[in-house]
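S.K.: Just need the structure, nothing else, for what follows:
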Amino acid sequence: MEKSLTNSKADMLQQDISVYQKEFENGNMAIFLTPKQVAFLADQWRLMPCNIKDEDAELWGKIAFRLMSALHKAGVEYNPYFPGENERYILMNKSSEA
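M.R.: Got it, this is the predicted structure:
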């Protein structure tokens, strides 16, 4: 029993290494955050102003999807935050900051 458990752990570790290697080859990198930090980032995309560029909104959506997927895969219960319209960030250009 002990030997088969050791083999199973070794197999899982090898699979993890393969996944990380594949992600690295695809240009991705590992980042180690707590579940609370991941949930915070996943919620941030819902706070983006409605008038951001489409490509920025799409990028935030893809990042949020990966973050929420990571929480799910880790077995972490995630309760998304849905802000009210007045809670969103406001984009300001440099001339209006003065």
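
S.K.: now the strands for this protein?
M.R.: Taking DSSP state E, the chain contains no strands at all.

S.K.: How is it partitioned into domains?
M.R.: With domains defined by automatic domain parsing, the chain comprises 1-29, 31-97.

S.K.: hey, which of these is tucked in deepest?
M.R.: domain 31-97 (a mean of 12; mean count of other CB atoms under 10 Å). For glycine as for every other residue, the C-beta is placed from the backbone atoms N, C-alpha and C.

S.K.: Point out where the protein drops to low pLDDT.
M.R.: For the chain, residues meeting the criterion pLDDT under 70 lie at 1-7, 9, 12-13, 91-98.

S.K.: distance of residue 45 from residue 10?
M.R.: From residue 45 across to residue 10, the span is 38 Å (CB to CB, to the nearest Å).

S.K.: Could you find the closest non-adjacent residue to the residue minimising distance to the centre of the chain?
M.R.: Nearest residue to the geometric centre of the chain (CA atoms, centre = their mean): residue 67, 2.0 Å. Residue nearest to residue 67 in three dimensions, not counting chain neighbours: residue 42, with 4.0 Å by CB to CB, 6 or more residues apart in numbering.

S.K.: close enough to count as contact, the residue nearest to the centre of the chain and residue 40?
M.R.: No: look at residue 67 against residue 40 with CB atoms under 8 Å: they stay out of range, at 9.2 Å.

S.K.: Mutual contacts of the two, please.
M.R.: Here residue 67 and residue 40 share no contacting residue, scored by CB atoms under 8 Å, 6 or more residues apart in numbering.

S.K.: Which parts of this protein are helices?
M.R.: 2-25, 35-44, 54-73, 94-97 (DSSP state H).

S.K.: quick one, which of the ones you listed is nearest to residue 82?
M.R.: helix 35-44 (8.7 Å; CB to CB).

S.K.: Give me the residues contacting the closest one.
M.R.: 33, 60, 63-64, 67-68, 70-71, 74, 76, 78, 80-81.

S.K.: again with stretch 61-70
M.R.: By CB under 8 Å, 6+ apart, the list of residues contacting stretch 61-70 from outside reads 38-39, 41-42, 44-46, 78, 80.

S.K.: Could you export that stretch as PDB, keeping only the C-alpha atoms?
M.R.: In PDB, the C-alpha atoms belonging to stretch 61-70 read as follows (Å, rounded to 0.1, in the frame of the first residue of the first chain):
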ATOM      1  CA  GLY A  61     -12.500  38.800 -19.000                       C
ATOM      2  CA  LYS A  62      -9.900  36.200 -20.000                       C
ATOM      3  CA  ILE A  63      -7.800  36.900 -16.900                       C
ATOM      4  CA  ALA A  64     -10.900  36.700 -14.600                       C
ATOM      5  CA  PHE A  65     -12.000  33.400 -16.200                       C
ATOM      6  CA  ARG A  66      -8.500  31.800 -15.500                       C
ATOM      7  CA  LEU A  67      -8.600  33.200 -11.900                       C
ATOM      8  CA  MET A  68     -12.100  31.700 -11.300                       C
ATOM      9  CA  SER A  69     -11.000  28.400 -12.900                       C
ATOM     10  CA  ALA A  70      -8.000  28.300 -10.600                       C
END
